[in-house]
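*Asks:* Build me a model from this:
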Amino acid sequence: MTVTAGTLPDISTDDEVEAPRKFDLSRIFIYGALSLWTVVCLFPIYWTITTSFKVAKDVQKGAIVPWLDYTPNWLGWRSLGLSPDTFGRPSTVRNEFMGRFLNSVITSVSASLLAVLIGSLAAYGLSRFAYRIGWMRNKDISFFFLSQLILPPVVLALPFLALYREVALLDSTIGLILLYTLMVLPIVIWIMRDQFGGIPIELEEAALVDGLSIWGAFFRIVLPLAAPGMVAAFILALVLCWNEYFFAALLTATHAKTIPVMVASQTGSQGINWWSMAALSCAAIAPLVVIGIFLERYIIKGMTAGSVK
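*Replies:* Predicted coordinates for the structure are as follows:
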């Protein structure tokens with residue numbers, strides 16, 4: 001090593017040179033894996049969108065890239081009355097789609113709001129008070145709620161069919177709302193129990209000392225802090241309700257049918273109309289995409305809440 005006046009000696013080592021190189025390789029591997037996973041996740045959506053602009057021959061030959069493998073066509077959207085050339089004209093199919101879309105909005109939003117309301121109250125009680133039902137404690141009760149998801153829906157088909165026939169709830173929006181609420185309630189309770197558990201109880205104790213009641217502390221202190229988790233639970237419940245097909249097909253006939261039932265009905269004498277089914281699926285997915293984009297920050301807050309106390 002040579003040292004001259006006015007300069008500092010070069011004391012870098014081979015390990016220091018190799019460290020940035022190893023760091024760059026690890027970043028390349030991580031971003032490459034994430035990019036590959038992004039492509040895998042988004043490809044079904046891409047395939048659905050492109051299929052909605054295909055005709056029968058393009059679907060059969062498996063064309064993927066528009067304007068390269070095939071020329072886009074409005075056939076799928078035209079069959080639903082949603083193409084630019086048919087949107088301004090009366091369409092029976094479009095009216096049916098709007099009716100099914102409205103049914104899905106009413107049932108999904110109502111059931112999700114009701115599940116979040118009931119589930120939040122139940123989760124708050126499980127996180128703040130000690131219960132005892134026979135041998136069951138709070139953890140056992142929470143697991144009992146979650147275990148209801150293990151039961152296959154087909155097992156409940158005949159009981160619900162017989163019950164709804166007796167109480168005149170077949171083919172009704174109210175019947176679907178009540179059923180969907182029961183379906184997503186265990187998930188909401190489980191999510192909100194952890195959400196409330198991440199909020200320090202000292203905040204409520206201080207509010208009680210200041211003169212607030214239990215309900216006052218809940219609505220003025222706990223609820224604002226738990227709002228991101230409630231939004232995340234609402235979105236999850238909304239997605240599950242929106243995509244539910246089995247009970248919607250079983251318990252509805254004409255008036256209360258939803259979008260998933262209409263998507264599954266896109267079959268004809270020649271087979272499945274893939275272009276119509278893809279166009280209808282795009283129209284059904286769009287509201288959930290919009291909701292996810294606008295409420296993304298609440299989803300992230302709900303996922304990270306409670307990680308640091």
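
*Asks:* what about Leu238, distance to Leu178?
*Replies:* The spacing between Leu238 and Leu178, counted by C-beta to C-beta, to the nearest Å, is 16 Å. Backbone N, C-alpha and C define where each C-beta goes, glycine included.

*Asks:* Then Glu166?
*Replies:* 14 Å.

*Asks:* Just want to know which of those two has more residues nearby.
*Replies:* Shown here are Glu166 and Leu178; by other C-beta atoms under 10 Å, Leu178 has more neighbours (18 against 9).

*Asks:* Contact partners for that one?
*Replies:* 111, 169 (C-beta atoms under 8 Å, 6 or more residues apart in numbering).

*Asks:* so is it in a helix, a strand, or just coil?
*Replies:* helix (DSSP: H, G, I helix; E, B strand; the rest coil).

*Asks:* ok, now how distant is it from Val261?
*Replies:* 18 Å.

*Asks:* go on, Leu182?
*Replies:* Taking C-beta to C-beta, one finds Leu182 at 19 Å from Val261.

*Asks:* For these two, work out which one has more neighbours and name it.
*Replies:* More neighbours surround Val261 than the other of Leu182 and Val261, with 20 against 16 (other C-beta under 10 Å).

*Asks:* Now name the helix or strand holding the more buried one.
*Replies:* Using DSSP states H and E, Val261 sits in helix 259-264.

*Asks:* on contacts alone, who are the packing partners of that helix?
*Replies:* helix 92-128, helix 223-243, helix 246-251, helix 274-294 (3 or more C-beta pairs under 8 Å, 6 or more residues apart in numbering; DSSP states H and E).

*Asks:* Let me have those helices in CSV, adding mean pLDDT as columns.
*Replies:* Converted to CSV, these look like this (pLDDT from 0 to 100):
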stretch, mean pLDDT
helix 92-128, 91
helix 223-243, 89
helix 246-251, 91
helix 274-294, 85
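
*Asks:* closest one to Pro152 among the ones you listed?
*Replies:* helix 246-251 (9.7 Å; C-beta to C-beta).

*Asks:* any residues touching the helix holding Val261, and which ones?
*Replies:* Against helix 259-264 from outside (C-beta under 8 Å, 6+ apart): 96-97, 100-101, 103-104, 242-245, 248-249, 252, 277, 280-281, 284.

*Asks:* List buried members of these by neighbour count.
*Replies:* 97, 100-101, 103-104, 242-244, 248, 252, 277, 280-281, 284 (16 or more other C-beta atoms under 10 Å).

*Asks:* Identify the residues contacting the closest residue to Ala248 other than its chain neighbours.
*Replies:* In space, and not counting its chain neighbours, Ala248 is closest to Thr258: 4.6 Å by C-beta to C-beta, 6 or more residues apart in numbering. Listed by C-beta under 8 Å, 6+ apart, the contact set of Thr258 reads 100, 103-104, 107, 176, 244, 248, 252.

*Asks:* Quickly list the domain ranges of the protein.
*Replies:* 16-78, 93-304 (automatic domain parsing).

*Asks:* Any chance of CSV for the ones you listed, columns distance to Phe87?
*Replies:* As requested, the domains of the chain are exported to CSV (distance: least, C-beta to C-beta, whole Å):
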stretch, distance to Phe87
domain 16-78, 9
domain 93-304, 8
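
*Asks:* any idea which of those is most buried?
*Replies:* Sort these by mean neighbour count, taking mean count of other C-beta atoms under 10 Å, and domain 93-304 sits at the top with a mean of 17.

*Asks:* Spatially nearest residue to Ile291 (excluding sequence neighbours)?
*Replies:* Ile235 (6.6 Å).

*Asks:* That neighbour contacts Val290, correct?
*Replies:* No - taking contacts as C-beta atoms under 8 Å, Ile235 lies outside contact range of Val290: 11.7 Å.

*Asks:* Quick one, which of the helices and strands packed on helix 259-264 gets closest to Trp190.
*Replies:* Comparing the helices and strands packed on helix 259-264 by C-beta to C-beta, helix 92-128 comes nearest, at 7.8 Å.

*Asks:* so how far is that closest one off the chain centroid?
*Replies:* 12 Å (C-alpha atoms, centre = their mean, to the nearest Å).

*Asks:* helices and strands around it, which ones?
*Replies:* Under the contact criterion of 3+ C-beta pairs under 8 Å, 6+ apart, helix 92-128 touches helix 138-147, helix 173-197, helix 223-243, helix 259-264, helix 274-294.

*Asks:* Return the angle between stretch directions for that helix and helix 173-197.
*Replies:* 40 degrees (axes from the mean of the first three to the mean of the last three C-alpha atoms, to 10 degrees).

*Asks:* what angle separates helix 92-128 from helix 223-243?
*Replies:* 140 degrees.
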